[in-house]
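1. Return atomic coordinates for the entry below.
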Amino acid sequence: MTTARAGKSVLLDVKGLKKYFPIRRGLLQKTVGLVKAVDDVTFFLNQGETLSLVGESGSEKPRRPAVSCEPLHRRLVRFF
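-> Sure thing, here's the model as predicted:
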């Protein structure tokens, strides 16, 4: 459940975030599977809080904010 803590207001609310990348093979680059980069992630960010992403080098952490121009699978992202 998404709630504000200690009277702070919620600035970012993300529910069920999913991002999959296709695995392509063959001459016609047919999709044969998916890499699940993010699967069913839910979080919120209150006013005055900081969110950090931690992961392996080369995993595109700084390039991909929660909302980008690239489509995400099943997302609900709200900015307040």
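2. going forward, measure contacts between C-alpha atoms and count neighbours the same way
-> Will do.
3. per-residue confidence for the residue lying closest to Lys36 once chain neighbours are set aside?
-> Taking Cα to Cα, 6 or more residues apart in numbering, and ignoring the residues beside it in sequence, Lys36 has Tyr20 as its nearest neighbour in space, at 4.5 Å. Predicted confidence (pLDDT) at Tyr20: the value is 87.
4. Likewise for Phe80?
-> pLDDT, Phe80: 62.
5. what's the answer for Val14, then?
-> 84.
6. Distance check, it against Glu56.
-> Distance of Val14 to Glu56, computed by Cα to Cα, to the nearest Å: 22 Å.
7. more crowded one of these two?
-> Neighbours were counted for Val14 and for Glu56 using other Cα atoms under 10 Å; Val14 has more, 19 against 7.
8. The more buried one: what secondary structure?
-> Here Val14 is recorded as strand under DSSP: H, G, I helix; E, B strand; the rest coil.
9. That one bridge partners, please.
-> Bridge pairing for Val14 (DSSP bridges) gives the partners Phe43, Val77.
10. Neighbours of Gln47, how many?
-> Other residues within reach of Gln47 by the criterion other Cα under 10 Å amount to 14.
11. Okay, buried residues for stretch 42-52 please.
-> Of the residues in stretch 42-52, those buried by neighbour count under the rule 16 or more other Cα atoms under 10 Å are Thr42, Phe44, Leu45, Asn46.
12. Tabulate the residues you listed in a markdown table, adding columns for pLDDT and distance to Val32.
-> Conversion of those to a markdown table gives the following (pLDDT from 0 to 100; distance: Cα to Cα, whole Å):
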| residue | pLDDT | distance to Val32 |
| --- | --- | --- |
| Thr42 | 89 | 28 |
| Phe44 | 88 | 34 |
| Leu45 | 86 | 36 |
| Asn46 | 90 | 40 |
